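# Build me a model from this:
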Amino acid sequence: MSTPPSPEATPTITVRLNGEERRCPAGLNLQEFLEHVGYRPQLVVVEFNGEILPRSRWFAQPVREADGLEVVTIVGGGS
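Numbering: from 1, shown residues only. Predicted coordinates for the structure are as follows:
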């Protein structure tokens, strides 16, 4: 019976999120990355390496070492 790899053995990468370096597991797509760092993807807009990326591309967009992301949360409200 094999044992699953320990968390220390999982490859990680460093990306820049809103100006701060963050470590995350390697191999995530953009949708998975957003969920991993605690965002609700349906409530954010993402600039990925300087380009506003439409949601339709998030599942196909891999997040790689040294990528830069700016994430803006959409906030509802009114008067």
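
# residue ranges of the helices in this structure, please?
For the chain, helices defined by DSSP state H occupy the ranges 30-36.

# So for it, the centremost residue is which one?
Residue closest to the average C-alpha location in the chain (Cα atoms, centre = their mean): Phe33, at 2.8 Å.

# ok, Gly76 - how many residues close by?
For Gly76, the neighbour count with other Cβ atoms under 10 Å is 5. For every residue, glycine as well, the C-beta is placed using N, CA and C.

# so where's this structure uncertain?
Counting by pLDDT under 70, the chain has low-confidence residues at 1-8, 78-79.

# what does stretch 54-65 rub up against?
Residues outside stretch 54-65 that contact it (Cβ atoms under 8 Å, 6 or more residues apart in numbering): 13-15, 24, 26-34, 41, 46, 48, 53, 69.

# mind checking how far the closest residue in space to the residue nearest to the centre of the chain that isn't next to it in sequence is from Gly77?
In space, and not counting its chain neighbours, Phe33 is closest to Val63: 4.5 Å by Cβ to Cβ, 6 or more residues apart in numbering. Separation of Val63 from Gly77 (Cβ to Cβ, to the nearest Å) stands at 30 Å.

# Give me the more crowded residue out of the two.
Remark: of Val63 and Gly77, Val63 carries more neighbours, 23 against 4, as counted by other Cβ under 10 Å.

# For Gly27, see how far away that one is.
Plainly put, Val63 is 9 Å away from Gly27 if you go by Cβ to Cβ.

# Then Leu34?
15 Å.

# out of these two, which sits in the busier spot?
The neighbour comparison of Leu34 against Gly27 (other Cβ under 10 Å) goes to Leu34, with 22 against 13.

# Correct me if wrong: Glu35 contacts Leu43.
No - using Cβ atoms under 8 Å, Glu35 is not in contact with Leu43, being 11.8 Å away.
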